[in-house]
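Chemist: dropping a prediction and its sequence here:
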Number of protein chains: 2
Amino acid sequence: MKEMEPFNLLVSHEEAEELILSNVVAIDRTESLTVDCAVGRVLAEDIIADRSVPPFDRSAMDGYAVVAEDTFNAGDQEVLLEVEGVIHAGEVSDIEVTKGHCVQIATGSPKPSGADAVVMVEFTEKKGNKILITKPVYPGANVSKLGEDIKKGDVVLSIGALLTPAKIGTISALGRTEVEVYQKPRVSVIATGTEIVQPGQPLNPGQIYDVNSFTLEAILKKNGVIVQRHPVITDDPKLLQTGIEKALESDMVVLSGGSSVGERDLLAGILEDMGQVLFHGVQIKPGKPTLFGLIHGKPVFGMPGFPTSCLSNAHIFLVPAVRKMGRLPIGTERTTRAKMGKRIVSSSGRKQFLTVRIENGIAYPVFKHSGAITSMAQADGYIMLPVNLDVIEEGEEIEVIMLD
Amino acid sequence: MKEMEPFNLLVSHEEAEELILSNVVAIDRTESLTVDCAVGRVLAEDIIADRSVPPFDRSAMDGYAVVAEDTFNAGDQEVLLEVEGVIHAGEVSDIEVTKGHCVQIATGSPKPSGADAVVMVEFTEKKGNKILITKPVYPGANVSKLGEDIKKGDVVLSIGALLTPAKIGTISALGRTEVEVYQKPRVSVIATGTEIVQPGQPLNPGQIYDVNSFTLEAILKKNGVIVQRHPVITDDPKLLQTGIEKALESDMVVLSGGSSVGERDLLAGILEDMGQVLFHGVQIKPGKPTLFGLIHGKPVFGMPGFPTSCLSNAHIFLVPAVRKMGRLPIGTERTTRAKMGKRIVSSSGRKQFLTVRIENGIAYPVFKHSGAITSMAQADGYIMLPVNLDVIEEGEEIEVIMLD
């Protein structure tokens, strides 16, 4: 790509997505975590059962362990069994159940030897020292067999599985306390621009506070990334190059800023010198001036300087990129259906992303312009207008992608 | 409620939900966090702008700052303006723009005095030392006025707002580095049962590993809770009571276990002694034996012992409870539409929750029985079958609530 003129690398939304995903590589580094800290992480090992679950034949019900054959005529004839004892959960009993006898048993308790079924307490009646069985059971009834759920040697969870709470519980069921997971990707975030000042510092005339580093850090953290926020860099080629080199210790570098043509060209030129530009500009609105390339094989993003453009492009381009790096499923944003609260006319000729506020199931546009903070302060989500769509009527149902 | 017989307190799903939400109180404690650590938290203060945004009149485009009147005949007549200098972003210029003159200006740069509009660079041409203007601009064109976005004194975000990445960026725009948020609720999780052993410990005959504490901890953490996992307690009334008393240092206590009738009655009795039982049993499947009450005004849950029941009931009852405590929006689980991969017949007469695995948009039931670990290991989500629904046909479209 080196020989191409970077400033002609204007691509469609789909082309940009494809270029990003085909050039981003999933992290191979792994780490060991205690199971209770592993929720939301991705398995880097197969979980193989080193024991069977349940580890013994156990009762699935409160009732009486019996020899099933004894009960076959229950209901028609009077079946009375002698109670030999009781087994609570966690207890092992050495009582041998023989024909004409039974043992009271609690859910989860080991089935005593000799018995081959459990009669639910609902189908029994106490008659002095004996138990009347009112309904027959077949052999195996209400008994969970050793290994019925998981057999020793089974692959219970496979490498690459996302550790949801249910899967965390599954690993605990095997008695495991540690688990090998993929490391989180590390991403460096850098704001650029001579006018940009870190919050907390005094603001001189002509300066504004850094917004994008904080928005980007929050989005990245929510998508399983360890974020390294770097100091703001002014529009100086030497300082920018040094800053990017330092940031390349991470797995990915995300720069924001360069709202002016000069600044954009500056970053593209540096990226071209240090590596290769894969696209420079996307046919979407807002957020056209997004830049993507590789330096030493590591992805580098140049995000638009305007806060709302940076926000929506981070959701559109950065989130899939870091989720692929972290081996997390892509395209799992929460969406909701809403009715459009106002007629929308799109005349951009570009695919358009419009931030909206949702109130009682109605979506109201909050987008003023890409530079406006209130366009993002009030946004609950955004809607996507295709290139060829001109109008959304008031009351029309739309899908809103939530900006959680 | 004290005088009621707790074992008759079987309620519907909706009654249970209503009893929980009307008895759970939102946390009032607040804490100060740095803005970059506050994503996902809830604002405990109004964010009031102590400055205007933008803090100065600035150019919204790359171009030339002009006296708009000079350009009114552009296009029809040759309008040539003398260039007095250039203003980059972050620079303040003392150039005064007068009629017949202009200043080159970058996006985001402060508008020089005298100028009242910016002509985009696209509508200009360099002619020697002068600039030809090819299109008229009206006064104010391409200028973002001081305070146009946010005025000093505006309430930019209100108390109770969830701090999404966009709202984190909004606070940064005001130069703030700290923010007051509500504290996370603290919840104690305790597994009970003589047969339950903590993972990592040796397993004796008749014993099984604790699953529910880990599943519950993971679900609670994902819903903004600080979890205190307590040691397993055996089925001993004295030990249970002492354990619950200790756990009441938290804002809520969640016990799991008691799959057998005896154990369930034990917990209900203790809860009745120490406080009040609000319901004991819900008409849903699985997960009927769920218990809810208050001790010293603090909510106490008794979750079913069977892992899949505990998992689905945690999503149905616990998640709304802790989200209300933490002031987080309720009912924001991710859902997806899928086609049923197999005909389902429900004959329970209770509302039913069925765990499913999703593959290529098709939902396959993975539910074997409430005691089965594999019923949850393979679950991507669950579907809800109303009380009166008997059959879902293969291929029918259903909504799946995701178990992320």
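Modeler: Looks like it arrived, so ask away. Numbering: from 1, shown residues only, chains lettered A, B, ... in the order given.

Chemist: the helices in chain A, which residues?
Modeler: Taking DSSP state H as the test, the helices found in chain A are A:13-23, A:165-173, A:212-222, A:237-247, A:261-274, A:307-313, A:319-325, A:374-377.

Chemist: what is the rounded mean pLDDT of the fifth one?
Modeler: For helix A:261-274, the per-residue pLDDT values average out at 84.

Chemist: and stretch A:227-239, anywhere near chain B?
Modeler: Yes - applying Cβ under 8 Å from any Cβ of the partner chain, one finds stretch A:227-239 touching chain B at A:229, A:234-235. C-beta here means a position set from N, CA and C on the backbone, and glycine is covered the same way.

Chemist: wait, stretch A:177-193
Modeler: Yes - part of stretch A:177-193 sits close enough to chain B to count as contact by Cβ under 8 Å from any Cβ, namely A:177, A:193.

Chemist: show me how far that stretch is from its chain's centre.
Modeler: Using Cα atoms, centre = their mean, to the nearest Å, we find the averaged C-alpha position of stretch A:177-193 to lie 14 Å away from the chain's own average C-alpha position.

Chemist: measure A:Thr71 to A:Ile131 for me?
Modeler: A:Thr71 sits 11 Å away from A:Ile131, going by Cβ to Cβ, to the nearest Å.

Chemist: overlap of the contact sets of the two?
Modeler: Residues touching both A:Thr71 and A:Ile131 (Cβ atoms under 8 Å, 6 or more residues apart in numbering or on different chains): there are none.

Chemist: re the thing from before, need the buried ones from the residues of stretch A:227-239 next to chain B selected in ChimeraX.
Modeler: The following ChimeraX line selects those of the residues of stretch A:227-239 next to chain B that are buried, judged by 16 or more other Cβ atoms under 10 Å in any protein chain shown:
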select /A:229,235
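
Chemist: in strands only, show me the residues of stretch A:227-239 next to chain B.
Modeler: When DSSP state E defines the strands, the subset of the residues of stretch A:227-239 next to chain B inside them is A:Arg229.

Chemist: mind putting the residues of stretch A:227-239 next to chain B into TSV with pLDDT and distance to A:Val83?
Modeler: Shown next, in TSV, are the residues of stretch A:227-239 next to chain B (pLDDT from 0 to 100; distance: Cβ to Cβ, whole Å):
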residue	pLDDT	distance to A:Val83
A:Arg229	96	70
A:Thr234	91	86
A:Asp235	87	88
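
Chemist: correct me, but A:Gly63 touches A:Ala115?
Modeler: No - counting by Cβ atoms under 8 Å, no contact exists between A:Gly63 and A:Ala115, whose distance comes to 10.8 Å.

Chemist: mind listing what the closest residue to A:Leu203 other than its chain neighbours touches?
Modeler: Spatial nearest neighbour of A:Leu203, chain neighbours left out: A:Val197 (5.6 Å); criterion: Cβ to Cβ, 6 or more residues apart in numbering or on different chains. With contacts defined as Cβ under 8 Å, 6+ apart, the neighbours of A:Val197 are A:203-204, A:207-210, A:232, B:175.

Chemist: gap between the nearest residue to A:Ala74 once chain neighbours are set aside and A:Val86?
Modeler: Closest residue in space to A:Ala74, ignoring its immediate chain neighbours: A:Ile133 at 4.3 Å, by Cβ to Cβ, 6+ apart. For A:Ile133, the distance to A:Val86 under the criterion Cβ to Cβ works out to 17 Å.

Chemist: the more surrounded of these two?
Modeler: Ranked by neighbour count (other Cβ atoms under 10 Å in any protein chain shown), A:Ile133 and A:Val86 place A:Ile133 first, with 25 against 15.

Chemist: is the more buried one bridged to anything, and to what?
Modeler: Applying DSSP bridges to A:Ile133 yields these beta-bridge partners: A:Val79, A:Thr124.

Chemist: just the pLDDT for it.
Modeler: Looking at A:Ile133, its pLDDT is 96.

Chemist: wait, it touches A:Phe72, no?
Modeler: No - taking contacts as Cβ under 8 Å, A:Ile133 lies outside contact range of A:Phe72: 10.0 Å.

Chemist: hang on, isn't A:Glu195 packed against B:Gly90?
Modeler: Yes - taking Cβ under 8 Å as the contact criterion, A:Glu195 and B:Gly90 are neighbours in contact, 3.3 Å apart.

Chemist: with neighbour numbers in mind, choose between the two.
Modeler: Between A:Glu195 and B:Gly90, counted using other Cβ under 10 Å, the more crowded position is A:Glu195 (28 against 21).

Chemist: who's in contact with the more buried one?
Modeler: Applying Cβ under 8 Å, 6+ apart, one finds that A:Glu195 lies in contact with A:206-208, B:89-90, B:108-109.

Chemist: let's see it at 7 Å
Modeler: By Cβ atoms under 7 Å, 6 or more residues apart in numbering or on different chains, the contact set of A:Glu195 is A:206-208, B:89-90, B:108.

Chemist: want to throw those residues into a markdown table with pLDDT?
Modeler: Rendered in a markdown table, the data for these read as follows (pLDDT from 0 to 100):
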| residue | pLDDT |
| --- | --- |
| A:Gly206 | 91 |
| A:Gln207 | 93 |
| A:Ile208 | 93 |
| B:Ala89 | 83 |
| B:Gly90 | 85 |
| B:Gly108 | 88 |
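
Chemist: and which of those residues is nearest to A:Ile27?
Modeler: Looking at these and their distance to A:Ile27, the nearest is A:Ile208, at 34.7 Å (Cβ to Cβ).

Chemist: how about that closest one: what's its closest non-neighbour residue?
Modeler: A:Glu195 (5.8 Å).

Chemist: these two touch, right, A:Met384 and A:Phe353?
Modeler: Yes - under the criterion of Cβ atoms under 7 Å, A:Met384 is in contact with A:Phe353, at a separation of 5.9 Å.

Chemist: more neighbours, the two?
Modeler: For A:Met384 versus A:Phe353, neighbours defined as other Cβ under 10 Å are more numerous around A:Phe353 (23 against 17).

Chemist: ok, the more buried one - contacts?
Modeler: Counted by Cβ under 7 Å, 6+ apart, A:Phe353 has contacts A:284, A:286, A:312, A:382, A:384.

Chemist: 6 Å instead, please
Modeler: Contacts for A:Phe353 were tallied using Cβ atoms under 6 Å, 6 or more residues apart in numbering or on different chains; they are A:312, A:382, A:384.
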